[in-house]
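Trainee: below are the sequence and a predicted model; questions follow.
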Amino acid sequence: MSDQRAALVLGGGGITGIAWEIGVLAGLAEAGVDLTGADLVVGTSAGSVVGAQVTGGADLETLFARQLEPPTGEKAARMTRAGLARYAWALVRSRGKDVEFRRRVGALALAAEQAGLTPPEQERLDVIGSRLVGTEWPDRALTVTAVDAHTGEFRTFDRDSGVPLLHAVAASCAVPGVYPPVTIDGRRYVDGGMRSAANADLAEGYDRVVVLAPVPRGVGPLASVDAQVTGMVARVAVVAPDQASRTAIGRNVLDPAARAGSARAGRAQAGGVAEQVAEAWQG
């Protein structure tokens with residue numbers, strides 16, 4: 001890679017998104033395109049887990065092997081029809097206003113927790129902690145995204161934020177209505193994907209940008225990846241699941257049983273996109 005600054009953006013997409021991204025990264029590295037040396041890594045939801053892993057020095061082959069392990073003891077979660085209806089109502093009520101939408105979704109998350117529909121916060125912290133290779137922020141530049149559940153304010157956390165890495169990642173992964181908001185400095189935070197599934201615009205100003213986006217589309221006030229990278233003065237490559245990967249991921253991105261297949265599909269897909277990614281990454 002040249003001396004130009006490069007950013008790797010890792011989007012959200014549940015348990016299968018983590019697996020698919022690791023598969024793509026491992027496959028690209030095998031093809032001679034190692035993205036883990038990025039000057040900046042932006043992680044949203046699932047991408048925050050992968051971002052923390054790769055910037056923390058985890059070996060890609062080790063991470064890939066972990067995705068293939070049987071999901072013993074892991075419970076599949078699912079967004080219920082009622083939950084999806086509440087999301088849709090929040091979209092309608094917010095009338096395209098992004099902060100208002102996020103505030104309404106935050107209220108949904110808090111209400112679900114109050115009603116006992118989500119697991120305890122500490123249980124989620126333990127689950128997220130089991131996925132990380134360490135609890136200290138890496139020396140590398142890692143930005144993790146989240147949303148204030150009360151105000152809808154978009155927040156980013158990094159090693160200078162004073163926020164523990166575990167709590168930042170858990171907040172970024174706190175899918176409203178499925179998992180509880182995470183407490184940070186007395187505030188409650190939910191999934192950074194409530195602003196955008198990838199928040200690729202945080203890589204603005206970098207010369208080379210690669211986005212791995214399990215969910216590239218946007219809806220309502222949630223910006224799509226294409227909308228966020230359009231106009232960037234940079235070499236940009238966006239990788240989203242191909243048909244085989246979408247089939248492997250299936251309908252429930254929170255199902256651990258689909259993890260191994262998603263990882264394998266991501267790795268297989270990497271061979272077909274390696275040239276495109278290398279052009280953006282290496283010039």
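Mentor: Okay, I see it. Residues are numbered from 1 along each chain as shown.
Trainee: this structure: helices as residue ranges?
Mentor: Taking DSSP state H, the helices of the chain run over residues 14-30, 46-55, 60-67, 81-94, 98-114, 121-131, 165-172, 225-229, 243-249, 259-282.
Trainee: just send the ones you listed back as CSV, with mean pLDDT too.
Mentor: CSV is the format used below for the helices of the chain (pLDDT from 0 to 100):
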stretch, mean pLDDT
helix 14-30, 98
helix 46-55, 98
helix 60-67, 97
helix 81-94, 66
helix 98-114, 91
helix 121-131, 95
helix 165-172, 98
helix 225-229, 93
helix 243-249, 98
helix 259-282, 97
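Trainee: mind putting these into a markdown table with distance to Gly152 and mean neighbour count?
Mentor: From N, CA and C alone the C-beta is placed, and that goes for glycine too. Formatted as a markdown table, the helices of the chain follow (distance: least, C-beta to C-beta, whole Å; neighbours: other C-beta atoms under 10 Å):
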| stretch | distance to Gly152 | mean neighbour count |
| --- | --- | --- |
| helix 14-30 | 22 | 28 |
| helix 46-55 | 19 | 29 |
| helix 60-67 | 33 | 18 |
| helix 81-94 | 9 | 14 |
| helix 98-114 | 3 | 20 |
| helix 121-131 | 20 | 16 |
| helix 165-172 | 14 | 27 |
| helix 225-229 | 19 | 20 |
| helix 243-249 | 29 | 18 |
| helix 259-282 | 31 | 20 |
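Trainee: so what touches the biggest strand by length in the chain?
Mentor: With DSSP state E setting the assignment, residue counts place strand 141-148 as the longest strand in the chain. Strand 141-148 is contacted by residues 39-45, 48, 51-52, 55, 102, 105-106, 153-159, 165, 168-169, 171-172, 174, 182, 184, 187-195, 199, 202 when judged by C-beta atoms under 8 Å, 6 or more residues apart in numbering.
Trainee: on that earlier part again, looking at the helices of the chain, which is nearest to Val210?
Mentor: Closest approach to Val210 among these (C-beta to C-beta): helix 259-282, 5.7 Å.
Trainee: relative to Gln4, which of the helices of the chain is closest?
Mentor: Short answer: helix 259-282, nearest of those by C-beta to C-beta, at 10.1 Å.
Trainee: which strands and helices sit next to that closest one?
Mentor: Contacts defined by 3 or more C-beta pairs under 8 Å, 6 or more residues apart in numbering; DSSP states H and E place helix 259-282 against helix 14-30, helix 60-67, strand 208-212, strand 235-239, helix 243-249.
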